[in-house]
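A.B. asks: Sequence and predicted structure, then a few things I'm wondering about:
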Amino acid sequence: MQVDCLPRGRRWHHEPVTNHQSFLDRAVDLAITNVAGGGGPFGAVVVRDGVVLGEGANSVTTTLDPTAHAEVVAIRAACREVGDFALVGATIYASCEPCPLCLSAALWSRVDAVVHAADQHAAAEAGFDDAVFHGLLDPSSDLAAWPLRRLHVPTPRSHEPFDAWAGRADRTAY
């Protein structure tokens, strides 16, 4: 099943990038520098048309933000740089295989590709075991096994924010 996640009027932009290694090296350098400064061993670079739009290093422990993964930090920087929340035509280069959070951020940012150096097994050997999160997203996963309790409570006014959104002619679709 193909899902179209692009905002209306946008198209996938496929820019062939032949020099993956230099951008992966930059992501790895960011990760190494980050470790020296007390941060996590992850770095990422967002590139479009051979131009670096944003860089990031894992700052979870330094910012006390569990979502401050390198890829997310790089996506935020790239979006600020281009003045748009969509990074169509861009590629994320990551020092390590992205976790499900970062893959979701990549999807939401509409990048065309994610290229990584190390894989999730190398991260697990260093103590960063995301296998449980990857496993939870497996289509055959039992939702009852999730460590996070999910509860839907129907609320009479729950539709009002969506109605307000739909009623705005000046809304920005994303």
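C.D. replies: Yep, it's here. Just so you know, these numbers come straight off a predicted model, no measurement behind them. Numbers count the residues shown, from 1 in each chain.

A.B. asks: Show the low-confidence segments of this structure, by residue range.
C.D. replies: 1-18, 141, 143-150 (pLDDT under 70).

A.B. asks: now with 50?
C.D. replies: 1-16 (pLDDT under 50).

A.B. asks: mind listing the helices for it?
C.D. replies: Remark: helices assigned in the chain by DSSP state H are 20-36, 60-63, 70-82, 100-109, 120-125, 131-136, 160-166.

A.B. asks: Can you mark which positions in the fourth one are buried?
C.D. replies: For helix 100-109, the buried set under the neighbour-count rule, 16 or more other CB atoms under 10 Å, comprises 102-103, 105-106, 109. Where you see a C-beta, it was placed from the backbone N, CA and C, and this is true even at glycine.

A.B. asks: could I have it exported to CSV, CA atoms only?
C.D. replies: Coordinates of the C-alpha atoms in helix 100-109 are reproduced here as CSV (Å, rounded to 0.1, in the frame of the first residue of the first chain):
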residue,chain,number,x,y,z
PRO,A,100,11.4,4.9,15.0
LEU,A,101,11.1,8.4,16.5
CYS,A,102,13.6,9.8,14.0
LEU,A,103,12.1,7.8,11.1
SER,A,104,8.8,9.3,12.0
ALA,A,105,10.3,12.8,12.0
ALA,A,106,11.9,12.1,8.6
LEU,A,107,8.5,11.1,7.2
TRP,A,108,6.8,14.2,8.7
SER,A,109,9.5,16.4,7.3
